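> sequence first, predicted model second:
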Amino acid sequence: MSAPHGLVRLLAANAFFAEMGEEAITAIAGLCRTRSLARHETLFQKGDPGDALYALRRGQVRIATGTADGRSVTLNLLGPGDVFGEIALLDGHPRTAEAIALEATELFVIERRDFLGLLTRDAAMAIRIIGFLCQRLRWMSDRMEEATLLPLDTRLARRLVMLSQDYGSEIQVTQHELAAFVGAARESVNRVLQGWRRSGIIDLGRSRVTVKTAQRLAAIGEQPRI
C-alpha cells in the first residue's frame, strides 16, 4: 500500500524514527492503517495482546496501570507525534498497562506481524529499535527514582514542565490526573498548586493548569529539598 503523507511527516519528526532515513520511514509508514477514538475510549487494557504499534496523529492518550488496592497510577501522557506500544509489539507478550483517550484522538496503527516482517529484512532498523527500548528503560528508571526520593513539589513541577514542553503553557489536565501521574493524593497536589497560584507561578481553571512563569517552575523541579 502507499504510505500516508501525514504519517511520513510524523515519523520523520519523531526521535525514534528520525535517524532511520527517508527510505525506512516510508517503508514503515506504508504498513499503517488509521484508527479514531472517542473521548475516554479505551485503546487497550492491561493484559490485552500486544499486537500493534501506535503513533498519535492528534489528541491525547493516558498510559496507566492499576495497583493492588485499586488505585490507578499514570505512567505517561502522550500527545501528537508520540509513538507507543512498542514493547508488547516486539516481545509479543500481553500489554503491561492500559491506554485511554483523554479527548477525541486519531492514531496511526502498525500491526505486529507487518512490523516484524520489516525488521527481519533490515538489520539497521532492528538495531535502532534496541536503542529506543534502552531509552525507554532509562526513562522508567528515572520516574521510579523520582517517586522514591523526591518531594511532591519537585515531582509535580517536573511533570508540569514536561507537559508544558509538549502542549504549551495551557495544559488540559485535571488535578486527579496530575495526582495519579506523580503518585500522590489529589488533596496534596491541590495544596501545592494553590500555593503556586498565589505566588503567580501558575493559574488554575476547570481541568486546566496554565504555566505563567516557566523559569520559576523549572527551578522548583531542579532543586529538590531534602
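Thanks, I have the structure now.

> burial measure for the nearest residue to residue 209 once chain neighbours are set aside, as a count.
In this structure, residue 209 finds its nearest non-sequential neighbour in residue 171, 4.8 Å apart by C-beta to C-beta, 6 or more residues apart in numbering. Yep, even glycine has a C-beta here, placed from its N, CA and C like the rest. With neighbours defined by other C-beta atoms under 10 Å, the count for residue 171 comes to 20.

> does residue 171 touch residue 214 like I think?
No: judged on C-beta atoms under 8 Å, residue 171 makes no contact with residue 214 at a distance of 11.6 Å.

> now do the shared contacts for these two.
residue 164 (C-beta atoms under 8 Å, 6 or more residues apart in numbering).

> ok, now which ones touch the residue nearest to residue 209?
160, 163-164, 208-211.

> give me the buried subset of these.
160, 163-164, 209, 211 (16 or more other C-beta atoms under 10 Å).

> so what does the residue nearest to residue 209 have for phi and psi?
Per-residue torsions, residue 171: phi -110, psi 120 (degrees, to the nearest 10).

> among the buried ones among the contacts of residue 171, which are located in strands?
When the buried ones among the contacts of residue 171 are checked against strands (DSSP state E), the matches are 209, 211.

> nearest to residue 105, of the buried ones among the contacts of residue 171?
If you rank these by distance to residue 105 using C-beta to C-beta, residue 163 comes first, at 16.7 Å.

> center of the protein - which residue?
Nearest residue to the geometric centre of the chain (C-alpha atoms, centre = their mean): residue 78, 3.2 Å.

> for the nearest residue to that one once chain neighbours are set aside, list each beta-bridge partner.
Leaving aside its sequence neighbours, residue 78 sits nearest to residue 61 (C-beta to C-beta, 6+ apart; 4.6 Å). Beta bridges link residue 61 to residue 78, residue 101, judged by DSSP bridges.

> how many neighbours does residue 64 have?
Residue 64 has 20 nearby residues by other C-beta under 10 Å.

> distance of it from residue 74?
Separation of residue 64 from residue 74 (C-beta to C-beta, to the nearest Å) stands at 5 Å.

> common neighbours of the two, please.
residue 180.

> so what pLDDT did residue 66 get?
Here, the pLDDT recorded for residue 66 equals 75.
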